[in-house]
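**Student:** Here is my input, please return the structure:
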Amino acid sequence: MAQIIREAEVTTEALLALLSRAFLNAHVDADGDVYITDGLDFPIWLAIDQEQRLLRFFTFISRDPNEQTPFTDVGANHLNATVVVPTFCVPADRKDRLCSHYVLPFTDGVIDTHVIAAARRFAGASAYGAQRLDEVVFH
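**Tutor:** The predicted structure follows:
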């Protein structure tokens, strides 16, 4: 049964416990973000923004800049118009990297199953978006 994680109880430790119950492998990285390494379509990070009361999901997909076409703003914009959930961008200084992010508010608390569903949907949609760029030709 779904449970509400109260706003004051949204912590890194609570997220790690939730992810473990959902059979996702995760640990805290050097920046203090939760890195979900296994159990999703693609590895992602999950960070808590306590000030704004947001859970921030983010990841990136890299290409070998010597062997593949770089990612472009046009491609990222196409994904933003066609893939639901993540927002995509290509950093100006890292054309070999397609970044994606999504935020989930936790003001007044968050339903635990929503966090897991958001993580699964975000990871899958991010991987799907990167695959779509290889299939779409831009003129």
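**Student:** just checking, what packs against the helix or strand encompassing Ala81?
**Tutor:** Per DSSP states H and E, Ala81 falls inside helix 73-82. Helices and strands touching helix 73-82, by 3 or more Cβ pairs under 8 Å, 6 or more residues apart in numbering; DSSP states H and E, are strand 87-89, helix 112-135. For every residue, glycine as well, the C-beta is placed using N, CA and C.
**Student:** Give me the sheet partners of the first one and which way each runs.
**Tutor:** Pointing back at strand 87-89 there. Strand 87-89 has these partner strands in its sheet, going by DSSP bridges: strand 97-105 (antiparallel).
**Student:** tell me which residues of the partner strand are tucked away?
**Tutor:** The neighbour-count check on strand 97-105 (16 or more other Cβ atoms under 10 Å) flags 97-104 as buried.
**Student:** now, among these, which is nearest to Phe57?
**Tutor:** Phe57 has its nearest neighbour among the buried residues of strand 97-105 in Tyr102, at 4.6 Å by Cβ to Cβ.
**Student:** okay but that closest one is in contact with Thr87, surely?
**Tutor:** Yes - under the criterion of Cβ atoms under 8 Å, Tyr102 makes contact with Thr87 at 6.8 Å.
**Student:** Let me see the contact set for Leu133.
**Tutor:** Residues near Leu133 by Cβ atoms under 8 Å, 6 or more residues apart in numbering: 71, 75, 78-79, 98.
**Student:** rewinding a little: and for the helix holding Ala81, what's in contact with it?
**Tutor:** 86-90, 98, 129, 132-133, 136, 138.
**Student:** Just send the contacts of Leu133 back as CSV, with pLDDT too.
**Tutor:** CSV is the format used below for those (pLDDT from 0 to 100):
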residue, pLDDT
Phe71, 92
Gly75, 94
His78, 96
Leu79, 97
Leu98, 96
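**Student:** Pairing-wise in the sheet, spell out the partners of the residue lying closest to Leu19 once chain neighbours are set aside.
**Tutor:** Spatial nearest neighbour of Leu19, chain neighbours left out: Ala26 (4.5 Å); criterion: Cβ to Cβ, 6 or more residues apart in numbering. In this entry, Ala26 is beta-bridged to Ile36, by DSSP bridges.
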